[in-house]
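*Asks:* model this:
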Amino acid sequence: MGAYIGALDLGTTSNRFIIFDREGRIVGLDQKEHRQIFPNPGWVEHDPLEIWENTQAVIQGALNKTGLQGSDLVALGITNQRETTVVWDKTNGRPFHNAIVWQCTRTADICRNLEKTYGQDGFRQKTGLPIATYFSGPKIRWILDHVPEAAEAARKGTALFGTIESWAIWWLTGGPQGGTHVTDVTNARRTLLMNLETLDWDPEILEALEIPAGMLPRIVPSIDPNTWGHTLRTGIFQATVPVCGALGDQQAALVGQTCFQPGEAKNTYGTGCFLLLNTGTKPVVSQRGLLTTLGYQMRGQKPVYCLEGSIAIGGALVQWLRDNLGLIRTAAEVEELARSVEDNGGVYIVPAFSGLFAPYWRADARGVMVGLTRFANKGHLARAALEATAYQTRDIVEAMNADSGVALTTLKVDGGMVVNDLLMQIQADVLGVPVVRPKVTETTALGAAYAAGLAVGYWSGFQELTRNWAQDKTWEPAIDAARREEGYRYWKKAVERTFDWVD
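*Replies:* Presented below is the predicted three-dimensional model:
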């Protein structure tokens, strides 16, 4: 029997394959970026075939680096960028269109028309979600409206829809030769099409969006001893590895951070930022712009629910400073540049590049840079960019505290940006609570590994996983309350300047 678990992390900017041991330590990994395609302002696409090719490459790369074989893996877990939408031909695996990425705003007209009929919260009671460009359902409708070949295939029953984990699982388990077409509850939850009570596709919402039920995947638990399929001996693993764990990336980070008790929360700092609070086995309906979402589900058990606050632009703002403005050569340089100044010099950046997500939900918003004077320099811009992430997180925490009735006392953090010590200190200062980074910061991939490992009995249960978690560093707040509140007051003023930009 093999000794390791494989985790496929299909992110917004790159694909990674990470191999973990029983203690949750990284044995080996490989990573490859894929193209970000921007056909029009506000539109974002990925090439699904490039993602599949890179998936194969990183699996092979990680195995080669460690000297392991596919047969050394006892199970495979998958985590993925959520909401990103692929529609493909099941007879040959060819996508009918590029994947429409979660950040894309092209479905604004579809959403506005739905809002006229149902109101922005017309589906919230069933789904826990507002009508927004963020979610997959309107993206499916856009493809069916604009790609005649996809619409015809949907009518004939040869078109399949999936989020990125569905696309990968289908290929890993055989593709056109009988690949399994499934999605786990956490990803299905983000489509705007799944009913929270039944954990199945909602027929009334499908009818409202005119989406044929036959193109949708079967909804399965995140942690599933009833294996969905196996990799092929003729494929990249050269072995039959069970595929039995899948979680949307933010839910995977929640599991990787072992937030198994109600009241525990984590924030992931990646392309966007996503704060999840475990609310237990009953969904809490937000009154303040947060999303009611599924955290995870093990087959045979009640699902665990969360409140989620979603921020569209986190690390992507640092990429923008690098790629669009040329202020830095690498993302890591932003910390040194931000440290070159004592404060933000009165500059605030609100990166509403795709509108504002939680708690505002303003598709009409666009990015602003305010408070500029001749005193401001590139160091102030770098610091304002880091502060934008911290302040957006505070917006979420304020709403979450009010909705849940429980004040956050500690924030567990993970994701690519947490290597930035200055950002973590700014975050503690802005929130006024300690910020804790774990030893293994690859918690998204770790959560996917945990899901698959629990499914096959590699780990005995949640308690064993909790014992694996270890703290690396804690940042305590280092500014007084008056200064904290003054900064937040200016931030709120800056946010208001983003509203009503798009008519």
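*Asks:* From here on, just use CA atoms for contacts and neighbour counts.
*Replies:* OK.
*Asks:* give me every residue that touches the spatially closest residue to residue 220 that is not a sequence neighbour.
*Replies:* Excluding the flanking residues, the one nearest residue 220 by CA to CA, 6 or more residues apart in numbering is residue 184, at 4.7 Å. Residue 184 is in contact with 219-222, 246-247, counting by CA atoms under 8 Å, 6 or more residues apart in numbering.
*Asks:* Next one: residue 295 relative to residue 22, how far apart?
*Replies:* Plainly put, residue 295 is 23 Å away from residue 22 if you go by CA to CA, to the nearest Å.
*Asks:* So for the two, which residue has more residues nearby?
*Replies:* residue 295 (31 against 16; other CA atoms under 10 Å).
*Asks:* Is the more buried one in a helix, a strand, or coil?
*Replies:* strand (DSSP: H, G, I helix; E, B strand; the rest coil).
*Asks:* Next, the contact list for it, please.
*Replies:* So residue 295 contacts 186, 251, 254, 278, 303-306 (CA under 8 Å, 6+ apart).
*Asks:* How much space separates it from residue 451?
*Replies:* Distance from residue 295 to residue 451, by CA to CA: 12 Å.
*Asks:* before we move on, what about residue 127?
*Replies:* For residue 127 relative to residue 451 (CA to CA), the value is 24 Å.
*Asks:* neighbour-wise, which of the two wins?
*Replies:* Between residue 127 and residue 451, counted using other CA under 10 Å, residue 451 has the larger neighbour count: 33 against 25.
*Asks:* Correct me if wrong: the more buried one contacts residue 223.
*Replies:* Yes. Residue 451 is within contact range of residue 223, at 5.0 Å (criterion: CA atoms under 8 Å).
*Asks:* Tell me which of the contacts of residue 295 fall in helices.
*Replies:* Of the contacts of residue 295, the ones assigned to helices by DSSP state H are 186, 251, 254.
*Asks:* Look at the residue nearest to residue 383 when sequence neighbours are not counted and tell me its secondary structure.
*Replies:* Leaving aside its chain neighbours, residue 383 sits nearest to residue 338 (4.4 Å; criterion: CA to CA, 6+ apart). Three-state call for residue 338 (three-state DSSP): helix.
*Asks:* Could you do the one 5 residues further on as well?
*Replies:* Taken by three-state DSSP, the conformation at residue 343 corresponds to coil.
*Asks:* Model confidence for it, exactly?
*Replies:* pLDDT, residue 343: 95.
*Asks:* Tell me how many other residues crowd it.
*Replies:* Residues near residue 343, counting by other CA under 10 Å: 14.
*Asks:* again, but for the one 3 residues further on
*Replies:* Residue 346: 16 surrounding residues under other CA under 10 Å.
*Asks:* Equivalent analysis for residue 479, please.
*Replies:* 13.
*Asks:* what do you get for residue 294?
*Replies:* By other CA under 10 Å, the residues close to residue 294 number 31.
*Asks:* shaky segments in this structure?
*Replies:* 1-2 (pLDDT under 70).
*Asks:* most remote residue from it's center?
*Replies:* Computed with CA atoms, centre = their mean, the maximum C-alpha offset from the centroid of the chain is found at residue 374, amounting to 38.2 Å.
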